[in-house]
Each structure stands twice: as structure tokens, then as C-alpha cells.
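> Sequence and predicted structure are below.
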Amino acid sequence: MIKILEKIQMAIGVISLSIFFAAIIIQIVTRHLGIPVIWTEEVANYSFIWSVFMGASVMVNKKEHFSFDFLEQKLQGKSKAKLLIVIDFVILLFAFALFYYGIEVVNNFWNYNWASLPAMKMGYVWISIPIMGLTMSIYSINHLINNFKQLKGRVANV
């Protein structure tokens, strides 16, 4: 299930980054032609937000995020597992905060409209925050389970 969730997030991130790139290209071309298209700036900004938030969550799963590399490389066995548990617990707390406060942001700003595309709601942009918090929590809990298994001497993927 974790791999499927990661692939979905990667796909959303790639699509968002592609939209960002296309919006920037459209903006450059139309400005060069003297026909500025005002919606491209907002689309680029908001699609970039989605790509960054989805990518950040995937980085948590791949363990390519905040870490104490120096200590992690020096430690072995149960000491290393304990350090990884602390790191994953800190990330889990951060992810819970993102999820909780992200829901508040979405509730507060859902009905705000985009300046250049009034039919679009700001909630569609900010919903990426609780999604990131939720998926980071899932990934961190999975890592914690694996680290506790290793701490107890069972085989686990760390």
C-alpha cells in the first residue's frame, strides 16, 4: 500500500510540475508576443505548491529528508534504530501538525477565489497541506513500525 501511495503522489507531483512548466512557457511566449495572459502566474504558483508538497511527502518515505547523517552512519544495530525512531517521531509530530492546521487553513480559505480565475477556489490549492501531512504521517508510522521491529531484533527494512 505504501508503494502505491508513493506512486500516486509522485504522479500528482509530476503532473503539477508539468503544469507549472507549461504555464511558465505560455507566460513567456505570450509576453514576448505582447499578449500577456494573466492566469499563468497563478497557475504556475499553485501548481508549484502542489509539486513541492507532494515531493516533500515522498522524500519522507524515501528517507531523503531531515536526518542526522553523521550520527546515523556512526551508529549500528539498536543504537541506530533508536536514533531513527526519534527522527521519525519528530517527523510524525510535524506531520500531525501539518494535517491538523492544514485542515484549518482549508476550512478558512476554501471559498476564496483565485484573482485571475474566479471560478477556481483557493481550497483546491491549500488542500495539498493536509494531504501532505496525512501521507507523511502514514510514511512515518510505517518507518516507526519497522524501526521498532529492528529494535526488538526482528528483520525489518530500515
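Yep, that arrived. Numbering: from 1, shown residues only.

> Grab the nearest non-local neighbour of H143.
D88 (4.5 Å; CB to CB, 6 or more residues apart in numbering). Heads up, the C-betas are built off the backbone N, CA and C, glycines and all.

> Pull the number of nearby residues for that neighbour.
24 (other CB atoms under 10 Å).

> roughly how far is the strand or helix carrying M136 from the heart of the chain?
Per DSSP states H and E: M136 is located in helix 128-151. Relative to its chain's centre, helix 128-151 lies at 12 Å (CA atoms, centre = their mean, to the nearest Å).

> Please apply the same query to stretch 123-134.
9 Å.

> Identify each buried residue in it, please.
For stretch 123-134, a neighbour-count test (16 or more other CB atoms under 10 Å) marks V125, W126, I127, S128, I129, P130, I131, M132, G133, L134 as buried.

> tell me what the helix holding M136 is packed against?
For helix 128-151, the packing partners by 3 or more CB pairs under 8 Å, 6 or more residues apart in numbering; DSSP states H and E come out as helix 2-32, helix 39-61, helix 77-109.
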